[in-house]
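Participant: kindly return the folded structure for what I paste below:
(one chain, ligands or ions: 1)
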Amino acid sequence: MTSISESTKTLLKKHGYHLAGTHGAVKTCLWLNKSLRNTGACYKSKFYGMTSHRCIQMTPTLVCNHRCLHCWRAVEVPVEIPPVWDLPQDIVKGVFDEHRRLISGYGGSEFMDKTRWKEAFSPKHVAISLSGEPTLYPYLPELIEEFHKKEMTTFVVTNGTNPEMVAQIKPTQLYISLNAPDEDTYEKACQPLGNSWENILQSLEILKDSKTRTAVRITLTKGVNMVDPQGYARIIGLAEPDYVELKAYMHLGFSRKRLSQDNMPSHDEVLEFSRQVAQAMNYQIADDSRGSRVVLLSKDGEKQNIV
Ligand code: SF4
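Facilitator: Presented below is the predicted three-dimensional model:
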């Protein structure tokens, strides 16, 4: 039994999502594919030393309380909260089984780097950031713990609407997505189900005292939220994160129904906006990746590998 209807499952499958357990999902990303072919790696490999072909992208739930314009998922199709949540061990097993099955499918290709392909069966990283809001899964701390027991690093990306859970989790790197410098822009860009702006500010304050590596991520959408760099700087200042990632909106998945190509800023526009945010909060540009249109800021202009 799953909490996801058959029609939604078909839609998700069409877009490359595979169910793990009854409500989690896993998807192999473009960069894993490129890394297996030895033709490129994700910006997280450049910024933090992650190995793209050994990274799993998953979510414990596809339920979300936002309907962001930039989201690649079909936010218009609601996913119900399941009557019973899967246990963390069952989600981890489901994720590994599905990930291995998907990797096996690449084995026959003559373009694969065979050494990398074998390594991909022993993943080292998990990005809990695929789609859906992971803090809505009540056993998220235990799920992170399960991955750590397997000596994997964990990245969690939350929209910050659930500060109680943000206070409890300790992944290797904890991100809060901040997609507006003020409440009006937040309503427009994220279309929350209920007003969560104050919760997001609270989560940012919690991030400041977090004992793990922290980051704030902004998805910049031209004509929507690429405004008021000083406003962003002021709010990010609540969190004093180790890193700030400013990334261009990419015109992919279901977001194509809500936004146009023109909403994608160029890398130079992202760089310029990032310079303004950095200057206003006294951070430095630590790195950037033109291919992914993303810029990394840190307090001292340095970056540290996670492993
Ligand atoms: S918070 Fe994330 S999953 Fe939820 S709608 Fe926004 S982009 Fe999509």
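Participant: mind checking how far the closest residue to the ligand within the stretch 151-300 of the chain is from E302?
Facilitator: The ligand sits closest to N159 of the stretch 151-300 of the chain, with a gap of 4.0 Å, by Cβ to the nearest ligand atom. For glycine as for every other residue, the C-beta is placed from the backbone atoms N, C-alpha and C. To E302, N159 is 28 Å away according to Cβ to Cβ, to the nearest Å.
Participant: ramachandran angles for G160?
Facilitator: Dihedral pair for G160: phi 80, psi 10, per degrees, to the nearest 10.
Participant: my guess is it meets E198, correct?
Facilitator: No. Under the criterion of Cβ atoms under 8 Å, G160 is not in contact with E198, lying 10.5 Å apart.
Participant: more neighbours: which of these two?
Facilitator: Applying other Cβ atoms under 10 Å to G160 and E198 shows that G160 carries more neighbours, namely 27 against 11.
Participant: thinking again about what came up before, so for N159 and E302, which sits in the more crowded spot?
Facilitator: Counted by other Cβ under 10 Å, N159 and E302 do not tie: N159 has more neighbours, with 25 against 10.
Participant: give the contact list for the more buried one.
Facilitator: C64, N65, H66, E133, I176, S177, C190, S196, I200 (Cβ atoms under 8 Å, 6 or more residues apart in numbering).
Participant: and for V227?
Facilitator: P181, T185.
Participant: before we move on, what about P192?
Facilitator: N65, H66, R67, T161, Y186.
Participant: hey, where'd the helices end up in the stretch 151-300 of the chain?
Facilitator: Secondary structure of the stretch 151-300 of the chain (DSSP state H, counting those that start in this stretch): helices at 163-168, 183-190, 197-208, 229-236, 267-281.
Participant: my read: V77 touches T8, true?
Facilitator: Yes. The pair V77 / T8 is scored as a contact, 5.4 Å apart, by Cβ under 8 Å.
Participant: between the two, which one's more packed in?
Facilitator: Using other Cβ under 10 Å, the more surrounded residue of V77 and T8 is T8, with 18 against 14.
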